[in-house]
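Peer 1: Give me a 3D structure for the following:
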Amino acid sequence: MINKTIDSVRELRDLLKKSGEDPEKFFPTCRGCGFCCLQATCSLGVNLFGSTYPCPALSWNGKMHRCKLAGDFADRLYIGSGCCSPLNSWREDIIERRES
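Peer 2: Numbers count the residues shown, from 1 in each chain. Predicted structure coming up:
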């Protein structure tokens, strides 16, 4: 039994590993496809930029999408923590996108 608050997906992945589970089964690794950020701007993005679309912090590095704000907030916002959306058809098709 877990008697602790999980503060991030990273902590949950670590806990799953320790219990012998494969975290990839529950939270596939983030591929940088941009799906999540192009579906909805996170609370930090809305607070900083308002309801602009797409979020100005979403960038393309030539290989994948990344959030310029991620740094210290990545864990709390689940940025790069893994794709758990069954609706995401972009995971295998990582290209530069500016619209969902």
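
Peer 1: now residue 58, nearest residue through space, not along the chain?
Peer 2: Distance criterion Cβ to Cβ, 6 or more residues apart in numbering; nearest residue to residue 58, sequence neighbours excluded, is residue 37 at 4.8 Å. To be clear about C-beta, it is placed using only N, CA and C from the backbone, and glycine gets the same treatment.

Peer 1: My read is that the one you found contacts residue 59, right?
Peer 2: No: if you go by Cβ atoms under 8 Å, residue 37 and residue 59 don't touch, sitting 10.0 Å apart.

Peer 1: okay, those two: which has more neighbours?
Peer 2: residue 37 (22 against 14; other Cβ atoms under 10 Å).

Peer 1: List the buried residues of the host helix or strand of that one.
Peer 2: Taking DSSP states H and E as the definition, residue 37 sits inside helix 35-39. Within helix 35-39, the residues scored as buried using 16 or more other Cβ atoms under 10 Å are 35, 36, 37, 38.

Peer 1: immediately after that helix, which helix or strand?
Peer 2: The helix or strand immediately downstream of helix 35-39 is helix 43-49, counting by DSSP H and E.

Peer 1: Check which helices and strands that next one sits against.
Peer 2: Identification of packing neighbours for helix 43-49 by 3 or more Cβ pairs under 8 Å, 6 or more residues apart in numbering; DSSP states H and E yields helix 70-77.

Peer 1: hmm, back to that, can I get the CA coordinates of the helix holding residue 37 in CSV?
Peer 2: Taking Å, rounded to 0.1, in the frame of the first residue of the first chain, the C-alpha atoms of helix 35-39 are listed here in CSV:
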residue,chain,number,x,y,z
PHE,A,35,-0.1,16.4,-29.5
CYS,A,36,-0.8,17.4,-25.8
CYS,A,37,0.4,21.0,-26.1
LEU,A,38,-1.5,21.6,-29.4
GLN,A,39,-4.7,20.2,-27.9
